[in-house]
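> Sequence and computational prediction follow.
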2 protein chains.
Amino acid sequence: MQKPSNAQGTRDFGPEVMRKRDFILQSIRQVFVRYGFEPLETPALENLSMLTGKYGDEGDKLLYKIRSNKEIVNEVPADKASEIKSLFPDRWIPGESKLGLRYDLTVPFARFVVQHRNDITFPFRRYQIQPVWRADRPQKGRFREFTQCDADCIGSTSLLHEADLIQIYNEAFTAIGLTNAVVKMNHRKFLEALVDELQLDFPVGKFTSTLDKLDKIGEDGVMKELVGYGVDEAKCKQLFSIIGNAELTTANLHTFAKAFNNNTIAQEAINDLEAVLRYLGDSQLNIRVELDLSLARGLDYYTGCIFEAVVPNSGMGSISGGGRYDNLTGVFGLNDVSGVGISFGIDRIYEILEADHIWPENLHTNATVLICHFDEASQLYGVGVAAELRAAGLQSVVYSENKRINKQFDYANKIGVRHVIVIGESEMESGSLTLKDLVLGEQANLSVQEIITKLTE
Amino acid sequence: MQKPSNAQGTRDFGPEVMRKRDFILQSIRQVFVRYGFEPLETPALENLSMLTGKYGDEGDKLLYKIRSNKEIVNEVPADKASEIKSLFPDRWIPGESKLGLRYDLTVPFARFVVQHRNDITFPFRRYQIQPVWRADRPQKGRFREFTQCDADCIGSTSLLHEADLIQIYNEAFTAIGLTNAVVKMNHRKFLEALVDELQLDFPVGKFTSTLDKLDKIGEDGVMKELVGYGVDEAKCKQLFSIIGNAELTTANLHTFAKAFNNNTIAQEAINDLEAVLRYLGDSQLNIRVELDLSLARGLDYYTGCIFEAVVPNSGMGSISGGGRYDNLTGVFGLNDVSGVGISFGIDRIYEILEADHIWPENLHTNATVLICHFDEASQLYGVGVAAELRAAGLQSVVYSENKRINKQFDYANKIGVRHVIVIGESEMESGSLTLKDLVLGEQANLSVQEIITKLTE
């Protein structure tokens, strides 16, 4: 007999977990929708050629490749197949894969945009909430199958979208109960300006991949690495006098401008961020938005503003990231289409809410009304009551077994329902049913209509 | 440059298709929830050993198998790997797969139930809406990646659940607008009774797999096949005098009982179906429910009632199927757990609604309010208006580009929005904005608050 098990790095989501995950996803989805983002879904199966080479060498290694039995016939020449089979008499040797599993939502989105460019009206705002797969080593908070939750606006360079994304962060984190979240922002031009101002003689990408480690290895570590690359210590000290983080305000932008000696490249970043601030106007945000000039996030991809959201002291890395890209679709043959987007890490958000017990109260209750009974006649009567409750939009189940009433109450407690209706002979005669509230420990005798009124108010 | 394309047998779902699919899924989901079914999701990646052997030889061939680059290291002995590589110097030979893609929602559900049997309270009602994958030859209406939508109740033999499933069919098809759907029912005992009554000397499964073809090959075809198996023609004629279809009523059940010569096995089926009718009581159904004694649906799986839903004259096969099974979890080591469930074929339902143009009217409208403007000042003003609309729960987007107003209206038409707000200098001064209804071709000057009232009423 097989011992049932999950594949490593994957999880089942039972009812209680689903209620919690849905709370997060619905909170974010509703905000996306309010900001005019439209739904998109792309298939999990992609032609492998659409995926390989898009995520760097490391990414290629983490792609899940797929084959079906049929493919071996087409892919391995018959003579070679028999040779291989003789090497492995006891097992079947598969052919080369032509399919891969979705690795993120960004590349499939780019493919979609290019493929449908004649049907899409730009600017195009889409959100996409789907699982992705990575053949990574599973560890705490890192899974092989996990959900991404993205919103992108493509086909516009307007900084209105960056401002909208900040508002989306604010509304989504507020809805989820994470008002302590911090959105960090940076701008690619600031990073270019650092290289320019410090007169580093190596590519921006190399510089920023070192800078990206600041959180992990500290200023000393970064300095050591830069010095190893031949940067002199004075320049490193100059670097650390420029970078730093501060709330995103016009005043702080001007302070940064000065620290950069009004470097013209830095000024382009400042102009963009000032436009974002104009669009934000005097709106009050619940979350903190700060400039963090050490933020890089795989810079070769982003070309303008860069976003990252964290919950300080949660022990969890970033729970969202994103930014502006100017050539997402270039790899599929459509150049000069600028877009900007963010992606939420649902699993990490879940872990934070779970650790801090900050789920909304009602998530823990099963909203179903359980109808209990004493015999077949009262059970049949209960079926009619359930129909009335459902017609009024309530959830209801008639206990299906012929068991003692205490067993039925046990069941109610175990599946976490709050309200139970009890029907016996006298209830059927009078039409006055017993409604028990298992949370408050109260009960009342009410007509079906009174119960509906009470439970829908 | 790569030409972007979808993998064969897979599809992208853009905003318009998503709105339609969501309509179907939400309609069904809401009914599941009203009947107390709780959500479950299982991973797309399963250990291959959990899947193989569960779907018959044909099913095994249609399983998608997965590997990651890392696995070759563990799976192919180093010396053999080098031998294989010498045979294929130009390509990389993968190792054996240990993972597969979800093929249906039933086997993963069985795995879940067995794995969590100590935490689950029975009877356990779960619904599950997720994609599944089959390496089938793609053709019209048949895809390699498609969505299944299942509801099962496990751990109870009560026929109340069968009655609930009929009510669910009724409410779901009504919500979707398919009141012309017909739910066909049969019972495994009827099929066993046929074999018994006709004194056929071969297994029930062999008999029903022939009977299952009735729709395709007709009575003559079925008779020919049975005669080929050695059944004499008189018995075949007796068979066709018994089977047939009729509305599910107590009277019709008694007619069938007579046709069966009150065969005791057939009587067990009749007892079950009478119990279902008792639970249905006098509830009025919008859909037709009929007994169809030729319905088999992979009989070796079902042990009691069998369901199939069709839309007559749609040119589409069944849009749902299900039934009672007594040993779903046996393969994973948990015996004697009876359950009953149904599964909706979302893609076929979509095709029928699409062909008959019976989508609800409002599905075609983009509910977003587009805010148009004449310059940067009125755009900034619009950002504030959008914030007010969103705070009232409305969807809103400020047009992000600096373009002529007619271009902005073109955009509104193209993305399918109905309501546009126009803001110019005089609007900013007066606070009275122009609200255009692009469907009715009307416009009015209203304050933001009046607009909110009008659009939320």
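Sure, I can see it. Numbering: from 1, shown residues only, chains lettered A, B, ... in the order given.
> Go ahead and list the helix or strand containing the residue nearest to residue A:123 when sequence neighbours are not counted.
Using Cβ to Cβ, 6 or more residues apart in numbering or on different chains and skipping residues adjacent in sequence, the residue nearest residue A:123 is residue A:156, 3.7 Å away. Placement of C-beta: from N, CA and C, glycine included. For residue A:156, there is no host helix or strand (DSSP states H and E).
> can I assume residue A:156 is in contact with residue A:162?
No. The criterion here is Cβ atoms under 8 Å, and residue A:156 misses it with residue A:162 at 10.6 Å.
> Compare these two (neighbour count), which wins?
The residue with more neighbours, out of residue A:156 and residue A:162, is residue A:162; 25 against 19, by other Cβ atoms under 10 Å in any protein chain shown.
> need the contact list for the more buried one.
Contact analysis of residue A:162 by Cβ atoms under 8 Å, 6 or more residues apart in numbering or on different chains lists A:272, A:276, A:279, A:304, A:305, A:324, A:340.
> top of those by neighbour count?
In terms of neighbours by other Cβ under 10 Å, the contacts of residue A:162 top out with residue A:340 at 28 neighbours.
> tell me the contacts of that one?
Contacts for residue A:340 were tallied using Cβ under 8 Å, 6+ apart; they are A:152, A:153, A:161, A:162, A:165, A:304, A:305, A:322, A:323, A:324, A:325.
> These in strands, which ones?
A:152, A:153, A:305, A:322, A:323, A:324, A:325 (DSSP state E).
> how near is the last one to residue A:302?
Remark: distance between residue A:325 and residue A:302 (Cβ to Cβ, to the nearest Å) = 6 Å.
> And the helices in the stretch 251-400 of chain A?
For the stretch 251-400 of chain A, the helices defined by DSSP state H, counting those that start in this stretch cover A:264-280, A:346-356, A:376-391.
> Could you say which one of the ones you listed comes nearest to chain B?
Among these, the nearest to chain B by Cβ to the nearest Cβ is helix A:376-391 (4.6 Å).
> where's that closest one relative to the chain centroid, distance-wise?
Taking the mean of its C-alpha atoms, helix A:376-391 sits 41 Å from the chain's own mean (Cα atoms, centre = their mean, to the nearest Å).
> Check which helices and strands that helix is in contact with.
Judged by 3 or more Cβ pairs under 8 Å, 6 or more residues apart in numbering or on different chains; DSSP states H and E, helix A:376-391 is in contact with strand A:369-373, strand A:396-398, strand A:419-423, helix A:425-430, helix A:448-456, helix B:160-176, helix B:264-280.
> for it, which positions count as buried?
For helix A:376-391, the neighbour count (16 or more other Cβ atoms under 10 Å in any protein chain shown) marks A:378, A:379, A:380, A:381, A:382, A:383, A:384, A:385, A:386, A:387, A:389, A:390 as buried.
> Pretty sure the first one sits against residue A:429.
I take that to be residue A:378. No. In this structure, residue A:378 is not within contact of residue A:429 by Cβ under 8 Å, at 10.8 Å.
> got the contact list for the nearest residue to residue A:375 once chain neighbours are set aside?
Of all residues not flanking residue A:375 in the chain, residue A:402 sits nearest, at 7.8 Å (Cβ to Cβ, 6+ apart). Residue A:402 makes contact with A:375, A:376, A:379 under the criterion Cβ under 8 Å, 6+ apart.
> Mind putting those residues into JSON lines with pLDDT?
Shown next, in JSON lines, are those (pLDDT from 0 to 100):
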{"residue": "A:375", "pLDDT": "96"}
{"residue": "A:376", "pLDDT": "95"}
{"residue": "A:379", "pLDDT": "97"}
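> quick check, nearest of these to residue B:64?
Taking Cβ to Cβ as the measure, residue B:64 lies nearest residue A:379 of the contacts of residue A:402, at 44.7 Å.
> Quick check, that closest one in contact with residue A:398.
Yes. Assessed by Cβ under 8 Å, residue A:379 is found in contact with residue A:398 at 6.3 Å.
> Find residues that contact each of these two.
Common neighbours of residue A:379 and residue A:398, counting by Cβ under 8 Å, 6+ apart, are A:373, B:160.
> Quick check: which element contains the residue of the stretch 101-250 of chain A found nearest chain B?
Going by Cβ to the nearest Cβ, chain B is nearest to residue A:135 of the stretch 101-250 of chain A, at 3.1 Å. For residue A:135, there is no host helix or strand (DSSP H and E).
> What's the separation between it and residue A:145?
Look at residue A:135 and residue A:145: by Cβ to Cβ, they are 10 Å apart.
> what does residue A:301 give?
In terms of Cβ to Cβ, residue A:301 sits 23 Å off from residue A:145.
> Spell out which residues make up each domain of chain A.
Here the domain parsing of chain A from automatic domain parsing is A:22-64+A:103-356, A:366-456.
> Not counting stretch A:261-272 itself, show me its contacts.
With contact meaning Cβ under 8 Å, 6+ apart, stretch A:261-272 is reached by A:159, A:162, A:187-190, A:192-193, A:196-197, A:253-254, A:256-257, A:260, A:304-305.
> Local confidence estimate at residue A:89?
Looking at residue A:89, its pLDDT stands at 55.
> was I right about residue A:66 contacting residue B:65?
Yes. With contact defined as Cβ under 8 Å, residue A:66 reaches residue B:65; the gap is 7.0 Å.
> what is in contact with these two at once?
With contacts taken as Cβ under 8 Å, 6+ apart, residue A:66 and residue B:65 have residue B:101 as neighbours in common.
> Compare those two (neighbour count), which wins?
Legend: neighbour count by other Cβ under 10 Å for residue A:66 and residue B:65, higher for residue A:66 (26 against 23).
> could you list every residue that touches that one?
Residues in contact with residue A:66 (Cβ under 8 Å, 6+ apart) are A:45, A:97, A:99, A:100, A:101, B:64, B:65, B:66, B:101.
> Near chain B, which residues of the stretch 201-350 of chain A are found?
With Cβ under 8 Å from any Cβ of the partner chain as the criterion, the stretch 201-350 of chain A comes near chain B at residues A:278, A:279, A:281, A:283, A:331, A:332, A:333.
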